[in-house]
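Participant: got a structure for you, letters missing:
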């Protein structure tokens, strides 16, 4: 008799991969300290997208601070 082997369901197929826009939303929510638990558990983030979005946010944040300081001091 042959045994029927069932393969476990692939978790990557069941979960939707997040887009870059979703990653940017995650970084912005993390910057202000607000992120729902459901969003955290919803889908895995692409690490490359996360690093790129975080670096972009930091650069924009620093440029904004520098601009505000220049306006105030002028």
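Facilitator: Thanks, I have the structure now. The structure presented is a predicted model; accordingly, all values stated were derived computationally and were not measured.
Participant: In stretch 21-40, which residues are buried?
Facilitator: When burial is assessed from 16 or more other C-beta atoms under 10 Å, stretch 21-40 yields the following buried residues: 22-24, 26-27. Where you see a C-beta, it was placed from the backbone N, CA and C, and this is true even at glycine.
Participant: Kindly report the same for stretch 50-66.
Facilitator: Using 16+ other C-beta under 10 Å as the test for burial, stretch 50-66 gives 50, 53-54.
Participant: Among those, which lie within strands?
Facilitator: Among those, DSSP state E puts none in strands.
Participant: Tell me which helix or strand comes right after the helix or strand of the chain with the lowest mean pLDDT.
Facilitator: Least confident helix or strand of the chain, by mean pLDDT, DSSP states H and E, is helix 11-14 with a mean of 47. Per DSSP states H and E, helix 11-14 leads on to helix 20-32 as the next helix or strand towards the C-terminus.
Participant: What is that following helix packed up against?
Facilitator: Contacts defined by 3 or more C-beta pairs under 8 Å, 6 or more residues apart in numbering; DSSP states H and E place helix 20-32 against helix 47-73.
Participant: what's the angle between the helix it packs on and helix 20-32?
Facilitator: Per axes from the mean of the first three to the mean of the last three C-alpha atoms, to 10 degrees, the angle that helix 47-73 makes with helix 20-32 is 50 degrees.
Participant: Packing partners of helix 47-73?
Facilitator: The contact analysis (3+ C-beta pairs under 8 Å, 6+ apart) places helix 47-73 against helix 20-32.
Participant: how about the nearest residue to the spatially most central residue of the chain, chain neighbours excluded?
Facilitator: By C-alpha atoms, centre = their mean, the chain has its centre lying nearest to residue 23, at 2.8 Å. Excluding its sequence neighbours, the residue lying closest to residue 23 (C-beta to C-beta, 6 or more residues apart in numbering) is residue 49, at 4.0 Å.
Participant: That concludes my questions; thank you for your assistance.
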